[in-house]
Structure formats: structure tokens, C-alpha cells
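In: build the 3D model from these lines:
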Amino acid sequence: MRQRRLMNQINVVPYIDVMLVLLVIFMVTAPMIQSGSVNLPSVDKVPAPPTDAMVVTVKSDGELGLRATSNSPERVLNRKDLIAEVSSAVSATPGQPVVIAADKSVKYELVMNTLNDLRNAGVNKVGLQTQIGKSAR
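Out: Residues are numbered from 1 along each chain as shown. Have a look, this model is predicted:
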């Protein structure tokens, strides 16, 4: 009796059959796929630009300053007067944004206390300035 020799080649015919079946399935189902539509907003519904933010500055010695707009000069205030000024501005203009700009050598605790005081005063939009821009100098 003769011994049967083992084949050492890969039989690719079953793989080709599977790929052809998958190709036929994709070709049949591709026309049935629904295309999505995107509803873009119209130009009429553009929201108004946000109001100019008030800038609270915290200096390295703990001194607080306030600029009502980016073009107004900075006024040095104590904590109580600063909170009173900002809360009156927010009550006059609800949604008034306030930005805290602190020197990089200021303790984190001072910045967070200022942020907490502004939140307790009723300011809803408080942000932190991360880098001094040309207009902030």
C-alpha cells in the first residue's frame, strides 16, 4: 500500500468563494442604503455676539483689579468692592461673562477663592484666562 503524501500548499479556492459571496451581498445591498440628510441652520437664526467680558485681574501680591470692558482702564479694588461691582453689573446685564486673569506667580488658592466669590455673588459665566493676549496688556 502506498502512503499518501501531505500537501504543503494552501488551498485558496474556499477563500475566493467566500469573498465572491461577500462581494455579491454588498453589491445587492448597497443601493438599498438610505442616505442621511443634514439640516443646516439658516443665516436668519445666527445668535447675537456675546457681550464684552469683564476682566478681574489677580496680581502676584494678591491685589485685585477690574476692567469693565477690554478697552476700559483697570481699577484696583479690594475683594468686597470687587464683588459688589461685579454683582451689580451682572444684575444689570444677566449672563454677563467674567474672566479671571491671574499672574502665573499667584497662588492657586487666591485664584480659586476669587472664582468662588464670583460664583457666590451670582455670576454664572466665569472663565479663566490662560494666556495674556495683546489686548489684555
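In: need the contact partners of whichever helix or strand Val86 is part of.
Out: Following DSSP states H and E, one finds Val86 within helix 79-92. With Cβ atoms under 8 Å, 6 or more residues apart in numbering as the test, helix 79-92 has contacts from 54, 56, 64, 66, 68, 77, 96, 98, 114, 117-118, 121-124. Using the backbone N, CA and C atoms, a C-beta is placed for each residue, glycine as well.
In: who wins for neighbours among those?
Out: Val56 (28 neighbours; other Cβ atoms under 10 Å).
In: look up phi and psi at Val55.
Out: Note on Val55: backbone dihedrals following degrees, to the nearest 10 are phi -120, psi 120.
In: what do you get for the one 10 residues further on?
Out: Backbone geometry at Gly65, expressed as degrees, to the nearest 10, gives phi -130, psi 160.
In: let's number from 94 now, not from 1
Out: Right, with 94 as the first residue, what we last looked at is Gly158.
In: what's the distance between it and Arg168?
Out: In this view, Gly158 and Arg168 are 6 Å apart by Cβ to Cβ, to the nearest Å.
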